[in-house]
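Asks: A predicted structure for the sequence below; I have some questions about it.
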Amino acid sequence: MPLDGIPDGYRAGLEDLVRVFTPPARKSIAEWAGGPDGHPEQAKRILTSKTSAYPGPWRNDRVPYLPGIMDALDDRHPAPIIVVCKSAQSCVSEVLLNWIGRSMDAMPAAFLALWPSVEVGKKWTRTRVRPMILGVPGMRMQMSSGQKRPDSTLLELHWPGGVLNIGSMNKPDDVATVSVPNIIVDDADRAPLTLAGEGDPFELALMRSSTFERRKAAIVSTPTDIDRSRIWPWWLRSTMDRFFVPCIHCNHMQHLRFAQLKWIKGKPSSAMYECEECSALMENRHKKRILADGEWRAEHPERETQVKGFHVIGLYAPVGLGYEWALHADAWERAQGSDARIQVFYNTRLGEVHKGERQRVEWAEIKARAEPYALRSVPRGTLLLVSGTDVQADRLETQVLGFGRGERIVVVDTVVHYGDTTRLLPSGDGEASVWAKLDEYLAGAFQSSRDVPMRLSCSLVDSGYLTDVVLGFTRPRKARNIFACRGSANASRQPIGRPSYPDVKRRGKADTRGAERYELGVSMLKHWLFEALRADAGKPDAPVLPADRHIRFSNELPDEYYRQLTAETYDPKHGWIPRANYHRNESLDTFVYARAAAMHHSVAVHRLRDADWERLESLYEPAAGGAKPTAPVLGVSPIARMGSFLPTSAQVRNE
């Protein structure tokens with residue numbers, strides 16, 4: 001509006017009104033924290049001596065790769081999900097604080113920050129968030145008054161127009177009960193793969209912001225093992241941005257890789273970076289120069305509007321804010337000979353998953369070893385059958401394994417019986433229960449390679465779910481070697497031992513004539529299974545012949561069988577856990593139960609002698625031209641009937 005001809009007093013008043021009512025220029029997160037370019041004195045983020053080695057105003061040029069991450073967190077960036085796969089001590093956590101601080105100071109919004117546990121979240125609030133708040137002069141008064149409000153705690157911070165909720169990824173209520181536009185998931189690889197009865201905690205958390213048009217989720221973590229990492233699959237589906245820096249000699253742009261770090265063996269202090277283009281060497285002191293001229297480059301720019309991903313490794317740590325290149329070289333030399341130390345190096349210094357020294361077991365590789373024999377047929381050399389059954393709410397899944405000399409295993413059959421597993425008796429309309437179908441299946445006969453009927457020597461049914469129903473099914477069938485079982489959480493428990501007797505007499509004593517239940521050392525059984533599968537893979541120059549494999553599979557087995565068989569991986573801290581993106585493991589469980597059934601004292605396949613196998617061969621694979629033996633008596637184990645050469649003195653009590 002033209003102000004000519006207006007008295008100076010009115011003009012000054014109008015200018016003041018315009019200045020008051022004109023909204024301040026919108027600042028990006030990086031500009032809010034460190035001030036606009038050329039104006040560092042306008043920095044709002046003030047670092048304290050308690051949280052930083054360089055207290056004072058935030059400087060974007062001190063860690064040049066952080067502004068690019070902050071720009072992606074701005075709501076003007078189109079990607080709703082931001083992924084940062086990083087090494088330890090990469091300063092990325094400060095970016096999240098800048099994001100929250102800008103919102104508290106200038107753009108009120110609601111946040112949900114999820115941590116591995118509530119205790120970690122409280123510590124983060126106390127040691128990082130509140131010092132950040134106190135470092136911003138304009139926020140001190142409003143947050144100090146907000147702390148007096150009953151709704152502001154270590155897990156819930158309020159400010160005018162916004163709130164920060166802190167929760168645990170292990171608690172369904174924290175993940176699924178708050179709807180906010182902004183979500184932070186830090187230390188994502190320490191999150192559980194599933195929440196009991198709820199599903200994937202990541203998907204539950206992301207659904208909390210699905211109704212907001214401008215939503216943003218930041219997933220940040222140091223990766224762990226390749227089988228259970230949560231951040232690594234997200235990184236692979238992102239734009240996969242890496243920070244490219246120029247060579248000081250030829251100006252070639254490249255992202256730093258540990259393979260290019262060179263030093264004299266035994267002298268890590270000589271470490272220097274070799275340019276991948278001109279092979280010239282750069283010293284650690286050159287880092288400040290090359291980082292200042294660096295830029296983020298996406299490997300998949302077409303994903304810019306979907307998932308924006310950044311990868312930060314320890315080699316980028318600015319001088320004075322992280323390890324020098326020589327210290328990375330020294331750590332690598334010290335890690336040699338220890339797979340555990342090498343994993344720490346890959347995770348914390350390179351920001352990469354660790355694949356381990358052992359060969360991984362992939363379902364497609366196992367399927368490639370499948371052989372052309374039909375399910376329910378018994379290949380030659382298979383002389384003993386056992387089964388394991390897993391109980392689900394709507395089905396019973398059973399797997400039959402065959403054993404031969406040298407404990408060679410053949411997958412003979414897999415079957416699923418659908419129905420209401422809570423009912424042992426027939427329904428009101430006379431329809432047989434699903435348990436009756438299982439009973440009929442376990443009582444059936446298979447045909448040996450010489451057309452001799454073979455029956456199951458022992459069967460185990462999992463009683464971890466619907467315990468009373470399973471005991472009701474197995475209790476009257478002990479004479480047929482059908483028993484209840486359940487997996488033990490004790491990693492050192494032997495595969496199978498003495499039974500427990502859950503039935504009690506009138507005076508409270510265990511009824512040894514009642515139901516029997518066996519505790520299984522499932523951890524040991526799974527270790528054996530995966531080592532056997534790895535051994536069967538052989539080597540490119542020395543493949544394992546089918547007859548020499550520990551376990552043989554039919555080419556009629558579906559892909560889902562192999563996926564479920566490899567659905568778990570071993571973690572030294574947490575034991576056997578589901579692999580990422582694997583949700584069912586019935587094939588694995590039923591295989592383990594059947595393997596334990598073969599070690600039951602009535603079978604004891606691991607103790608059979610040559611004479612035992614010869615008698616089994618004469619029973620099921622008689623010589624050509626010889627008379628075929630009669631079918632085994634239903635309900636009596638073939639091994640039990642051969643009492644004269646049982647491997648132990650134990651007899652089937654109800655034979």
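Replies: Right, received. Where do you want to start? Numbering: from 1, shown residues only.
Asks: so where do the helices sit in the stretch 551-655 of the chain?
Replies: Taking DSSP state H, counting those that start in this stretch, the helices of the stretch 551-655 of the chain run over residues 559-565, 586-598, 610-620, 638-641.
Asks: List the residues that contact residue 585.
Replies: By CB atoms under 8 Å, 6 or more residues apart in numbering, the contact set of residue 585 is 564, 567, 568, 578. From N, CA and C alone the C-beta is placed, and that goes for glycine too.
Asks: Let's see the ChimeraX selection covering just the buried ones among those.
Replies: Buried residues among the contacts of residue 585 (16 or more other CB atoms under 10 Å), as a ChimeraX selection:
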select :564,567,568,578
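Asks: Please narrow the contacts of residue 585 to those residing in strands.
Replies: 568, 578 (DSSP state E).
Asks: which pair in the contacts of residue 585 spans the largest distance?
Replies: Of all pairs drawn from those, the one with the longest distance (CB to CB) is 564 and 578, at 10.7 Å.
Asks: ok so, going back, tell me the one of the contacts of residue 585 nearest residue 309?
Replies: Using CB to CB, those come closest to residue 309 at residue 578, 23.9 Å.
Asks: what residues are up against the closest one?
Replies: Contacts of residue 578 (CB under 8 Å, 6+ apart): 193, 194, 228, 567, 568, 569, 585.
Asks: all helices for the stretch 51-200 of the chain, in order.
Replies: 66-73, 92-105, 118-124, 130-134, 137-147, 172-176.
Asks: try the stretch 401-550 of the chain
Replies: 434-443, 467-474, 522-537.
Asks: Out of these, which gets nearest to residue 108?
Replies: helix 522-537 (50.5 Å).
Asks: what angle separates that closest one from helix 586-598?
Replies: 100 degrees (axes from the mean of the first three to the mean of the last three CA atoms, to 10 degrees).
Asks: List of residues touching helix 522-537?
Replies: Residues contacting helix 522-537 (CB under 8 Å, 6+ apart): 358-359, 361, 365-366, 369, 487-488, 490-495, 544, 549-551, 566, 568, 570, 575-576, 588, 591-592, 595-596.
Asks: Swap in 6 Å and give it another go.
Replies: Residues outside helix 522-537 that contact it (CB atoms under 6 Å, 6 or more residues apart in numbering): 359, 361, 487, 491, 495, 544, 549, 550, 551, 576, 592, 595.
Asks: Just the mean pLDDT for stretch 480-489, thanks.
Replies: For stretch 480-489, the mean pLDDT works out to 92.
Asks: With stretch 40-49 instead?
Replies: 79.
Asks: and what of stretch 538-548?
Replies: For stretch 538-548, mean pLDDT is 83.
Asks: Dump it to PDB, keeping only the CA atoms.
Replies: Taking C-alpha atoms only, stretch 538-548 is exported to PDB below (Å, rounded to 0.1, in the frame of the first residue of the first chain):
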ATOM      1  CA  GLY A 538      28.300 -79.100  -0.100                       C
ATOM      2  CA  LYS A 539      30.800 -77.000  -2.100                       C
ATOM      3  CA  PRO A 540      30.900 -76.100  -5.800                       C
ATOM      4  CA  ASP A 541      33.800 -78.400  -6.300                       C
ATOM      5  CA  ALA A 542      32.500 -81.200  -4.100                       C
ATOM      6  CA  PRO A 543      28.700 -81.500  -4.200                       C
ATOM      7  CA  VAL A 544      27.000 -83.900  -1.800                       C
ATOM      8  CA  LEU A 545      25.300 -86.900  -3.600                       C
ATOM      9  CA  PRO A 546      21.600 -87.500  -2.700                       C
ATOM     10  CA  ALA A 547      22.400 -90.800  -1.100                       C
ATOM     11  CA  ASP A 548      24.800 -89.100   1.300                       C
END
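Asks: tell me how far it is from the chain's mean position?
Replies: 31 Å (CA atoms, centre = their mean, to the nearest Å).
Asks: Would you mark the buried spots in that stretch?
Replies: Result for stretch 538-548 [16+ other CB under 10 Å]: no buried residues.
Asks: do you know how far the most centrally placed residue in the chain is from residue 256?
Replies: Nearest to the geometric centre of the chain sits residue 228, at 2.7 Å (CA atoms, centre = their mean). Relative to residue 256, residue 228 is positioned 27 Å away (CB to CB, to the nearest Å).
Asks: Quick check: the farthest pair among the contacts of helix 522-537?
Replies: Applying CB to CB across the contacts of helix 522-537, the maximum distance is between 487 and 544, 29.4 Å.
Asks: got the contacts of residue 585 as a markdown table, with distance to residue 244 columns?
Replies: Shown next, in a markdown table, are these (distance: CB to CB, whole Å):
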| residue | distance to residue 244 |
| --- | --- |
| 564 | 42 |
| 567 | 39 |
| 568 | 39 |
| 578 | 37 |
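Asks: what are the phi and psi angles of residue 238?
Replies: phi -100, psi -170 (degrees, to the nearest 10).
Asks: any idea how far the closest residue to it other than its chain neighbours is from residue 592?
Replies: Leaving out its chain neighbours, the residue that sits closest to residue 238 by CB to CB, 6 or more residues apart in numbering is residue 309, at 2.5 Å. Separation of residue 309 from residue 592 (CB to CB): 38 Å.
Asks: And for residue 407?
Replies: Residue 407 is 15 Å from residue 592, where distance means CB to CB.
Asks: Comparing these two, which shows the higher neighbour count?
Replies: Higher neighbour count among residue 407 and residue 592: residue 592, with 28 against 16, using other CB atoms under 10 Å.
Asks: And the pLDDT at residue 126?
Replies: pLDDT, read off for residue 126, is 86.
Asks: what's the burial count for it?
Replies: Here the number of neighbours of residue 126 (other CB under 10 Å) works out to 11.
Asks: before we move on, what about residue 556?
Replies: 16.
Asks: quick one, what contacts residue 442?
Replies: Counted by CB under 6 Å, 6+ apart, residue 442 has contacts 456, 459.
Asks: if we go to 10 Å?
Replies: Contacts for residue 442 were tallied using CB atoms under 10 Å, 6 or more residues apart in numbering; they are 387, 389, 398, 400, 455, 456, 459, 461, 477, 480, 481, 482.
Asks: try residue 189
Replies: Listed by CB under 10 Å, 6+ apart, the contact set of residue 189 reads 85, 116, 221-225, 228-232, 347, 353, 580.
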